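Student: fold the following.
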Amino acid sequence: MTELSSQVVRARLAFSYDGTDFAGWAAQPGLRTVQGEMEVALARIARAPGTGEPLGLRLTVAGRTDAGVHARGQVAHVDIPAEVWARMPGRAERSPAEGLRDRLDGTTPADIVVHEAHVAAAGFDARFSATQRRYAYRICDQRPLRDPLTRRHVLWHDGALDVDALNEAAATLTGLRDFAAFCKAREGATTIRDLVEFSWARVDSGPDAGLVVATVRADAFCHSMVRSLVGAVLPIGTGRRDLDWLAAVAATQARAQGVAVAPAHGLTLEEVSYPADAELAVRAELTRARREALD
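Tutor: Below is the predicted model:
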């Protein structure tokens, strides 16, 4: 546990949000976003000593989610002047990290929950130190199981899905490859990703009992990639398409027009993984170098 310098402390945040009413993570003029709301909250609790002016602190997030996509295990970092950090406890008997967590969670709207705040380990970067992101896509394909209380994060699908067919299709897309067919193009950015896992299961118990849930893990994802992957295999799960069609789609060098992007509300960022503290800086350096080389 260390500071970036004698003047700045890097704080690591763990938080969740219901993405329904957000236009995605990234701040955009005139739109309600998760980053926008959190940075407004930071401006209220982190002010310049003496003047009381907002500091304009900026968050770096592990994974930028699209409009309507949720997060249960999102991670970000923010650099805070040491003098401001020391004042985070206020008048309460708590550490600066606890003060930041409590005050930030008390200032953000109800659809954002800040779970933890810590002084980041040396070399930590929420984006570049990450090794994997894990998403889940939840589908209810049985009308009797439709629950209006979970409709904001579960897709209601007409017609039963063949889980074995979904898994057979998903298995053909895993590995290190160019996912241009499943990504929204961004000038100068690579579409090469390492898709570690893409699997489906019908859940037996717990809050997701009866649902068909996809687990998608990769080192990183490009824009709309997870929803495009889900949208590409769903027709195979209903028997409307076959594996030859999917292979032809995956082989295209541009975004495939025949793939329907799955609705955003079924998707949740569940977890971001990081290496041991001693390896954080090296991981961040390697990720930056690899991303720059690919781009």
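Student: state the distance from the residue nearest to D18 when sequence neighbours are not counted to I139.
Tutor: Spatial nearest neighbour of D18, excluding adjacent residues (CB to CB, 6 or more residues apart in numbering): D111 at 4.3 Å. Backbone N, C-alpha and C define where each C-beta goes, glycine included. When distance is defined by CB to CB, to the nearest Å, D111 is 23 Å away from I139.
Student: over to Q257?
Tutor: Distance from Q257 to I139, by CB to CB: 23 Å.
Student: neighbour count winner among the two?
Tutor: I139 (23 against 9; other CB atoms under 10 Å).
Student: wait, is that one part of a helix?
Tutor: No - under DSSP: H, G, I helix; E, B strand; the rest coil, I139 falls outside any helix and is assigned strand.
Student: isn't it up against L155?
Tutor: Yes - assessed by CB atoms under 8 Å, I139 is found in contact with L155 at 4.8 Å.
Student: hang on, the earlier thing: the residue nearest to D18: how many residues sit nearby?
Tutor: Neighbour tally, D111, other CB under 10 Å: 16.
Student: and if you look at A254?
Tutor: A254 is flanked by 10 other residues according to other CB under 10 Å.
Student: give me the number of residues near the nearest residue to it once chain neighbours are set aside?
Tutor: Sequence neighbours aside, A180 is the residue nearest to A254 in space, at 5.9 Å (criterion: CB to CB, 6+ apart). By other CB under 10 Å, the residues close to A180 number 18.
Student: which neighbours do I139 and L155 have in common?
Tutor: Common neighbours of I139 and L155, using CB atoms under 8 Å, 6 or more residues apart in numbering, are G266.
Student: quick one: furthest residue from the center of the protein?
Tutor: In the chain, the residue that sits farthest from the middle, by CA atoms, centre = their mean, is G50; the gap is 37.0 Å.
Student: any idea how far it lies from V8?
Tutor: Relative to V8, G50 is positioned 18 Å away (CB to CB).
Student: list the residues that contact A185.
Tutor: A185 makes contact with 191, 254-255, according to CB under 8 Å, 6+ apart.
Student: same check, this time on E98
Tutor: With CB under 8 Å, 6+ apart, E98 has these contacts: 89, 117.
Student: equivalent analysis for A14, please.
Tutor: A14 touches 73-75, 114-117, counting by CB under 8 Å, 6+ apart.
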